[in-house]
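1. how would this look folded up:
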Amino acid sequence: MAGIMGVGEDFNAVTPYDSWLDTRCEQYIHQLREGGEEAYIRLSGCPVTYAHAPKVLWWMRERPEVYDKIAKFVMMNTYIAGKLTGLRAPDAFIDFTQLHFAGFGDIQKLEWSGAMISNYGVDINKLPRIVKPWDVIGRLTPRQAALCGLAEGVPVVAGCGDQPATSLGTGVLEPGDAFDVAGTASLFACCVDSYTPDTGHKTLICARSVISGRWLSQAYINGGGLSIRWYKELFDKPGDPFDYDTLESEAVAAPPGGGLLFVPHFQGRVCPNDPHVRGSFAGLNWTHGRGHMFRAVMESIGYEYGLYADILRAVKHDLRIDKVIVIGGGAKSRLFNQIKSDILGLPYTPSARSDAPMLGCVLNAGYGVGIYPDIEAAARRMTRFREEIRPNAANTREYETYRKLYKEMLVTLKDIYRRLPKG
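-> Numbers count the residues shown, from 1 in each chain. Next up is the predicted model:
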């Protein structure tokens with residue numbers, strides 16, 4: 001959702017896909033902040049981070065010869081849909097569930113902000129039209145139909161972002177329902193019933209849901225799951241890879257917290273944006289072993305989610321978070337789910353569908369062509385769940401100290417991270 005690419009008039013790629021993991025646009029993040037970050041957040045719902053606006057400015061200033069060839073900046077799903085249906089540049093689109101990442105879009109009015117765009121000299125004609133996620137944007141061409149093994153003329157809808165799709169596919173539809181994406185990026189999101197931009201903490205992203213009148217307030221670690229994989233791969237040997245089950249069995253034996261803290265922001269913090277933050281262990285002593293450290297890595301993601309939940313309650317005073325649905329590779333780990341449940345003090349329920357986001361895409365497409373006249377009812381009917389995990393009250397009390405220390409550590413180490421030479 002946070003990445004973009006440029007296409008020419010013929011809808012062929014002019015640039016490679018500029019991923020959210022590509023941080024070359026850093027200097028333009030500073031420029032956008034200096035131009036008024038609070039106004040930016042009120043407009044878009046998203047803090048200034050590695051998303052479309054700074055990337056557009058990077059292409060415009062750093063690669064002007066390429067920028068001149070770009071007819072439209074589009075997202076990956078737009079490019080794919082365009083190729084399936086034979087779109088040209090004037091037909092390019094962005095659906096409203098992904099508009100928050102654009103930066104130049106007014107997420108409430110669903111229109112481009114002429115004032116914001118003119119302030120930075122961006123050509124508004126290079127930005128796509130804004131559509132509903134269920135809008136039919138074209139039909140399958142004969143060539144693409146043959147390649148896909150489908151019938152010519154099948155309608156193609158705009159589609160929605162990955163997290164709005166996850167919200168649908170996990171049945172997170174009511175205010176207070178939350179979900180956790182335990183994947184490469186670790187994301188925590190909660191459904192709310194009003195637009196709540198986080199201008200104070202500059203941490204939460206407020207995005208439109210596919211469901212009318214619903215919003216998704218969310219934040220993420222750009223490499224939370226990668227931190228877990230990194231730690232596991234430290235012990236891999238050629239021809240004899242180390243397995244997660246062994247690490248997890250060692251982590252189960254370690255006490256909650258265990259006098260140890262870990263920071264999972266290996267490549268900078270996303271929101272609030274700070275490119276200098278790095279990964280860290282704090283509190284190591286001679287008694288700590290491999291399991292203690294692995295548990296600390298998992299706990300760090302729970303502490304980060306705790307920060308998000310606290311900010312969400314501060315921004316949305318009347319909100320009560322009732323439950324968390326978890327998907328992704330990390331959802332397979334009972335220990336990981338239990339740790340996050342204990343830290344947050346909330347019940348955790350793994351989705352029975354590993355393809356929950358895909359189900360959300362199916363529901364959106366079916367709604368767009370009239371198969372599902374009531375998308376909410378269809379979502380409730382199709383979602384399935386595994387056994388609920390309840391928080392351990394004693395562990396929740398123990399983790400409260402660590403939650404506070406984790407928050408303090410991020411602040412305390414900020415200057416050290418900034419001055420630390422890059423390896």
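
2. the stretch 101-250 of the chain: strands as residue ranges?
-> 105-106, 111-112, 129-131, 136-139, 155-157, 177-182, 186-192, 205-208, 215-221 (DSSP state E, counting those that start in this stretch).

3. could those go into a markdown table alongside mean neighbour count?
-> All C-beta spots, glycine's among them, are computed from the backbone N, C-alpha and C. Shown next, in a markdown table, are the strands of the stretch 101-250 of the chain (neighbours: other CB atoms under 10 Å):
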| stretch | mean neighbour count |
| --- | --- |
| strand 105-106 | 23 |
| strand 111-112 | 16 |
| strand 129-131 | 17 |
| strand 136-139 | 18 |
| strand 155-157 | 19 |
| strand 177-182 | 26 |
| strand 186-192 | 26 |
| strand 205-208 | 26 |
| strand 215-221 | 25 |
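
4. can you put those in JSON lines and add distance to Asp274?
-> Listed next are the strands of the stretch 101-250 of the chain as JSON lines, based on distance: least, CB to CB, whole Å:
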{"stretch": "strand 105-106", "distance to Asp274": "24"}
{"stretch": "strand 111-112", "distance to Asp274": "29"}
{"stretch": "strand 129-131", "distance to Asp274": "30"}
{"stretch": "strand 136-139", "distance to Asp274": "37"}
{"stretch": "strand 155-157", "distance to Asp274": "37"}
{"stretch": "strand 177-182", "distance to Asp274": "22"}
{"stretch": "strand 186-192", "distance to Asp274": "17"}
{"stretch": "strand 205-208", "distance to Asp274": "16"}
{"stretch": "strand 215-221", "distance to Asp274": "12"}
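
5. nearest to Arg353, of those strands?
-> Across those, Arg353 has its closest neighbour in strand 177-182 (12.3 Å, CB to CB).

6. tilt between that closest one and strand 186-192?
-> 170 degrees (axes from the mean of the first three to the mean of the last three CA atoms, to 10 degrees).

7. same for strand 177-182, what does it pack against?
-> Helices and strands touching strand 177-182, by 3 or more CB pairs under 8 Å, 6 or more residues apart in numbering; DSSP states H and E, are helix 162-169, strand 186-192, helix 290-315, strand 323-327.

8. among these, which is nearest Asp245?
-> Comparing the helices and strands packed on strand 177-182 by CB to CB, helix 290-315 comes nearest, at 11.7 Å.

9. coming back round to it: any chance of the strands of the stretch 101-250 of the chain in TSV, plus distance to Gly171 and mean pLDDT?
-> What follows is those, written out as TSV (distance: least, CB to CB, whole Å; pLDDT from 0 to 100):
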stretch	distance to Gly171	mean pLDDT
strand 105-106	28	98
strand 111-112	31	98
strand 129-131	25	98
strand 136-139	25	98
strand 155-157	21	98
strand 177-182	8	96
strand 186-192	10	97
strand 205-208	18	97
strand 215-221	14	95
